[in-house]
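Visitor: Fold the following and give me the result.
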Amino acid sequence: MNDQLNEQLMEEIRALVREENQKLLRVLRSVREENTRFISTLSGGLDQALRHVTHGVPGEAFPEEEGLEEPAPVELVNTKGIHKKTIRAAELTVQILRERGTMRLSDIAEEVERRGGDFGSNSTLTMKTIMKIAPDIQKVKRGRFAYKPHLEEESEDQ
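Guide: The predicted structure is shown next:
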């Protein structure tokens, strides 16, 4: 009788375990399907971003980017120990030099302050710091600076 009761209990436990396993499998399948949809959405967005960056279609912007300015290429690796106001001034300086080309340091300092940045009291020292964290800014002549991306140098090396 005990053997029969034990066997019956074991069979009920096996049935419950099978039922729970089936529930878990359904949940895993739905999670897998969700992940697949999520990854395909992400890859589609990345493909669109890559096409936009590599082909540079003018006038075509992503819907979420409308009204936003392009981020300035400030190397965050080089910003350790540098004040946030200097990093902001570097971003503004890159934007200004991209728009206008070669400019005098005094004009750059005025424009940065017009746009809400702080160039500090010693503009030469601030500009040296900016050149460290944004290597695309180069000194062209005495007191003149320009934005020159170093992409051409990298493409020749490859």
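Visitor: domain ranges for this protein?
Guide: 1-67, 76-148 (automatic domain parsing).
Visitor: Columns mean neighbour count on top of those domains, output as TSV?
Guide: Quick note: C-beta positions are derived from backbone N, CA and C, even for glycine. Output for the domains of the chain, formatted as TSV (neighbours: other C-beta atoms under 10 Å):
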stretch	mean neighbour count
domain 1-67	10
domain 76-148	16
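Visitor: and those, which one's lowest on average pLDDT?
Guide: If you rank the domains of the chain by mean pLDDT, domain 1-67 sits at the bottom with a mean of 75.
Visitor: longest single helix anywhere in this structure?
Guide: helix 2-55 (DSSP state H).
Visitor: and residue 147, backbone torsions?
Guide: phi -100, psi 110 (degrees, to the nearest 10).
Visitor: That one and residue 84, how far apart?
Guide: Distance of residue 147 to residue 84, computed by C-beta to C-beta, to the nearest Å: 22 Å.
Visitor: Give me the distance between the longest helix of the chain and the centre of its chain.
Guide: Distance of helix 2-55 from its chain centroid, counting by C-alpha atoms, centre = their mean, to the nearest Å, is 31 Å.
Visitor: do stretch 81-94 as well
Guide: Taking the mean of its C-alpha atoms, stretch 81-94 sits 18 Å from the chain's own mean (C-alpha atoms, centre = their mean).
Visitor: Is residue 140 in a helix, a strand, or coil?
Guide: strand (DSSP: H, G, I helix; E, B strand; the rest coil).
Visitor: Am I right that it is in contact with residue 104?
Guide: No. Residue 140 is not in contact with residue 104 according to C-beta atoms under 8 Å; the separation is 10.4 Å.
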